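Asker: Please find the sequence and the predicted model below.
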Amino acid sequence: MEPDLVTEDRLRGVLDELVRREPLFHRPTFGTTRADFEVMTAPDFWETGASGRRYSREYVLDVLEERYKSPLAEDWETSDFHCQELAAAVYLLTYTLVLNGRRTRRATIWQQGADGWTVLYHQGTVVQDL
């Protein structure tokens with residue numbers, strides 16, 4: 001039933017770079033301020049949350065700004081990373097995230113530009129027990 005997701009050898013370097021950046025917005029190495037997240041996300045970035053709701057960039061930035069006002073205590077684990085090239089310098093990264101006991105499948109569309117990596121879109125989908 002599950003697809004056989006294997007990243008092409010030519011994309012291994014991209015995969016390695018993006019794995020270091022996920023889970024998105026949970027890596028303090030890449031910053032924790034609103035300004036950091038603004039640089040990380042495209043001006044037209046949006047997200048579909050695990051609830052199915054769509055969130056604008058502005059809303060996500062507001063939530064992140066509030067979240068990082070106090071230290072975070074999160075327990076998370078990632079696995080099953082897969083990278084696929086969608087267009088020149090645009091990549092889909094998918095993976096599984098277990099965050100505080102909740103398992104979700106994640107998809108992030110990243111674009112590589114002269115100034116580094118930018119997130120275009122992100123989605124989380126809760127995995128139901130079968």
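Answerer: Great, that's in hand.
Asker: can you map out the strands along the protein?
Answerer: 41-48, 54-56, 76-87, 90-99, 102-113, 116-126 (DSSP state E).
Asker: Which residue lies nearest the spatial centre of this structure?
Answerer: A centroid search over the chain (C-alpha atoms, centre = their mean) returns Leu24, at 3.6 Å, as the residue closest to the centre.
Asker: which phi and psi does that one have?
Answerer: phi -50, psi 130 (degrees, to the nearest 10).
Asker: can you pull the contacts of it?
Answerer: Arg106, Thr108, Val119, His122 (C-beta atoms under 8 Å, 6 or more residues apart in numbering). Bear in mind the C-beta positions are built from the backbone N, C-alpha and C, glycine included.
Asker: And the pLDDT for the first one?
Answerer: Pointing back at Arg106 there. Per-residue pLDDT puts Arg106 at 96.
Asker: Grab the nearest non-local neighbour of Trp76.
Answerer: Spatial nearest neighbour of Trp76, chain neighbours left out: Leu99 (4.5 Å); criterion: C-beta to C-beta, 6 or more residues apart in numbering.
Asker: wait, His82
Answerer: Computed as C-beta to C-beta, 6+ apart, the closest residue to His82 that is not its neighbour in sequence is Leu5, at 3.9 Å.
Asker: ok, the residue nearest to Trp76 - contacts?
Answerer: Leu99 neighbours (C-beta under 8 Å, 6+ apart): Pro23, His26, Glu74, Asp75, Trp76.
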